[in-house]
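> I'd like to go over a predicted model; first the sequence, then the structure.
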Amino acid sequence: MGSAVDSLIKRISELKKRRNAIILAHNYQLPEVQDVADFVGDSLELARKAMEVSADVIVFCGVSFMAEMAAVLNPDKIVLHPNPCAGCPLAEFLSPQAVREFRSAVPTAPVVLYVNSLASAKAEADYIVTSSSAAKLISMLEDDEIVFGPDKNLADHVAQATGKRIIVAPPYGHCPVHEHLLNRYYVERALSKYPKATLIAHPETPRDVRSIAKYVGSTSQMLKAIPKFNGKVLLATEEGLAYRAKKMYPERDVEPANPLAVCIDMKKITLIHVARSLELLKHRVAVESSIARKVREVLERSLDLISK
């Protein structure tokens, strides 16, 4: 590792102590960002972890909706997003106005939103779910018809798992990485190269990929599933998860199903951004108090239901 990088890491460590800060990094972040983080995980895991620590400052290395969620759940702490240009195309598919329009069109159906959505959209929902809790929560609802957004592939996965009619809001919402770089072509190409490998996939991948996977789950669920399989394991999700998996299981043979499946937004946060964020206390994430209050209410209702 070069001396410039070493100096940057040392500087970040010093700034963390000075600011009484913690660094949270999503599983898809650059390896060096994962390495300087205090905690690495999925979006909701990290937002909850922030609530458990006594730090004054939270540096959230992930895309914008994740930093928003951390700010919503930690209103008394300073939440920083090192690079506000790190947005999420999936979250941006669904506006709060669109949620209201779907609710008006199907007034009897509850609105369930994926956590990968904007805070302003979540405030319009009845329930909020993660990729790991979506099927469980929706199966517990008495309604046979559900409005769900913004990911069409997760919606399809939930429909298959629950047998309920899922109205996708919007019908075309998707994660570009999972939809276009982890489609059947790329996955079959990987399997042809490693015919004895086990494929495990994220539910944001298309149905024809999920159908040939040995296991389908969230990033955290995928990580927990790896030890259950022998031989090479191919991860059909953003390539950054493979780095985390190799650190967790150095003895295991784990590879991304497509090394080119890169979320450009996730990779917009670098060590330089983290250091500047701590130095200048920028960029502070602010969620309007009325929206934050509504999101917390929806999340509490959701957690209460799935904990039954």
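Great, that's in hand.
> Show me what stretch 13-22 is in contact with.
Contacts with stretch 13-22, where a contact means CB atoms under 8 Å, 6 or more residues apart in numbering, come from 23, 36, 38-39, 50, 53-59, 275, 278-279, 281. C-beta: built from backbone N, CA, C; applies to glycine.
> Tell me the buried residues in the helix or strand of the chain at the bottom of the mean pLDDT ranking?
Least confident helix or strand of the chain, by mean pLDDT, DSSP states H and E, is helix 43-52 with a mean of 82. By neighbour count with 16 or more other CB atoms under 10 Å, helix 43-52 contains the buried residues 43-47, 49-50.
> Now Gly231: phi and psi?
With angles defined as degrees, to the nearest 10, Gly231 sits at phi 70, psi -160.
> okay but it is in contact with Leu199, surely?
No. Counting by CB atoms under 8 Å, Leu199 is not a contact partner of Gly231; they are 11.5 Å apart.
> neighbour count winner among these two?
With neighbours defined as other CB atoms under 10 Å, Gly231 and Leu199 compare such that Leu199 has more, 24 against 10.
> beta partners for that one?
Beta-bridge partners of Leu199, counted by DSSP bridges, are Leu234.
> Just list the residues touching it, thanks.
Taking CB under 8 Å, 6+ apart, we find Leu199 in contact with 187, 190-191, 212-214, 234, 236, 257.
> State the distance from it to Arg210.
10 Å (CB to CB, to the nearest Å).
> And Arg184, by the same measure?
With CB to CB as the criterion, Arg184 and Arg210 are 10 Å apart.
> So what's the gap between stretch 275-292 and the chain middle?
19 Å (CA atoms, centre = their mean, to the nearest Å).
> List of residues touching it?
8, 11-12, 15-16, 19, 21, 57, 59-60, 67-68, 70-72, 75, 78-84, 119-120, 123, 295.
> out of those, which are inside helices?
8, 11-12, 15-16, 19, 67-68, 70-72, 119-120, 295 (DSSP state H).
> Narrow the residues you listed to those that are buried.
Neighbour counting by 16+ other CB under 10 Å classes 8, 11-12, 15-16, 19, 67-68, 70-72, 119-120, 295 among the ones in helices among the contacts of stretch 275-292 as buried.
> which one of the residues you listed sits closest to Leu305?
Nearest to Leu305, judged by CB to CB, of these is Val295 at 15.9 Å.
> before we move on, the earlier item: filter the contacts of stretch 13-22 to the buried ones?
Looks like these have 23, 36, 38, 50, 53, 55, 57-59, 275, 278 buried, using 16+ other CB under 10 Å.
> So which of the residues you listed are in strands?
Taking DSSP state E as the definition of strands, the buried ones among the contacts of stretch 13-22 contribute 23, 57-59.
> Closest to Val99 out of the residues you listed?
Closest to Val99, out of all of these and judged by CB to CB, is Ile58, at 27.3 Å.
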